[in-house]
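1. quick one, structure for this:
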Amino acid sequence: MKKIIFFLNVFVLIYGYSARVEPFDTYNIKADVSGKVIQTFKNLEAKNLNNQIIVKLDSNQEQIDLKNTISQIKILKEEIKNQEKLVKRKKETYFRYEKLKSKSIEDKDRKFYDYISSLNQLLNLRSNLDNLIDKRDKLLDILNKKNIKFSGYLSEIIVSKDDYVSPGMIVAKGYNINKQKLYIYVPIDQIDQIKNKKVYINNKKSDFKIYKIWKVPDSKYITSYKVELTGKGLKFGDIVNVTFH
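-> Predicted coordinates:
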């Protein structure tokens, strides 16, 4: 009986396991902002992309807001320059008054409050500028997100022109096929035998390695552990034979 069991173990290790080549990662591509879909690039489906636009959302209002905000920033910067000159003059005037014994305390106080008032106006203008710059940056971020981009293998664009999407809505699906994974189901008593062995794919030595072992009997294959192998060089969707030597 021991000889038969040993023979069966060797048979499995030599003749191996069948596995389907799957992408290492699956992506649900989601919208970060809301908007109406104005264009989809269906021609890019089934292609490997590098940060390419796959869906465009309407951005007319944001473009208008951005143009107005940039114009306001420009005007405000000029106001700040003029106000800085005014503050400088009033500050100099106040310090001159402060040194003159011929000027009353009331005159000096008026010059002081006049200087402080102009300084406060300058601080308010600078605060308004900071708010406008923050608004501009947020609009630029929204505009960038209106062009939904993806890097990887684009499987499918789900939305269509004139659809309305909200933040978090899935608009497309994709994969990382630069790296692949295989799932095999190894009998529990053989797990220790495969751990330090080289992985062969279709009888050829590969760079695939054991990535995960679920050390709980699989719900479907109750006498086996599920094993995930990862590596490169295989064609997505192919059925391959996996052996360990």
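2. from here on, contacts and neighbour counts on C-alpha atoms
-> Fine.
3. for the longest strand along the chain, give the mean pLDDT please.
-> In terms of residue count, the longest strand belonging to the chain (DSSP state E) is strand 170-187. Mean pLDDT, strand 170-187: 93.
4. what packs against it?
-> Judged by 3 or more CA pairs under 8 Å, 6 or more residues apart in numbering; DSSP states H and E, strand 170-187 is in contact with strand 17-20, strand 22-30, strand 147-157, strand 224-231.
5. out of these, which comes closest to S117?
-> Nearest of the helices and strands packed on strand 170-187 to S117, taken as CA to CA: strand 147-157 at 45.9 Å.
6. angle of the closest one against strand 22-30?
-> If you take axes from the mean of the first three to the mean of the last three CA atoms, to 10 degrees, strand 147-157 sits at 130 degrees to strand 22-30.
7. same list (the helices and strands packed on strand 170-187) but as CSV, adding distance to K56.
-> Below are these laid out as CSV (distance: least, CA to CA, whole Å):
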stretch, distance to K56
strand 17-20, 35
strand 22-30, 13
strand 147-157, 5
strand 224-231, 34
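8. quick one on the thing from earlier: what residues does the helix or strand that comes right after the longest strand of the chain touch?
-> Downstream of strand 170-187, the next assigned helix or strand under DSSP states H and E is helix 191-194. With contact meaning CA atoms under 8 Å, 6 or more residues apart in numbering, helix 191-194 is reached by Y225, F244.
9. stretch 103-120 now?
-> For stretch 103-120, contacts defined as CA under 8 Å, 6+ apart pick out Q83, L86, V87, K90, K91, T93, Y94, Y97, E98.
10. hey, where'd the helices end up in this protein?
-> When assigned using DSSP state H, the helices of the chain occupy the ranges 2-15, 60-99, 105-146, 191-194.
11. make JSON lines out of the ones you listed and add mean pLDDT and distance to D163.
-> Listed next are these as JSON lines, based on pLDDT from 0 to 100; distance: least, CA to CA, whole Å:
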{"stretch": "helix 2-15", "mean pLDDT": "43", "distance to D163": "51"}
{"stretch": "helix 60-99", "mean pLDDT": "92", "distance to D163": "16"}
{"stretch": "helix 105-146", "mean pLDDT": "93", "distance to D163": "14"}
{"stretch": "helix 191-194", "mean pLDDT": "89", "distance to D163": "50"}
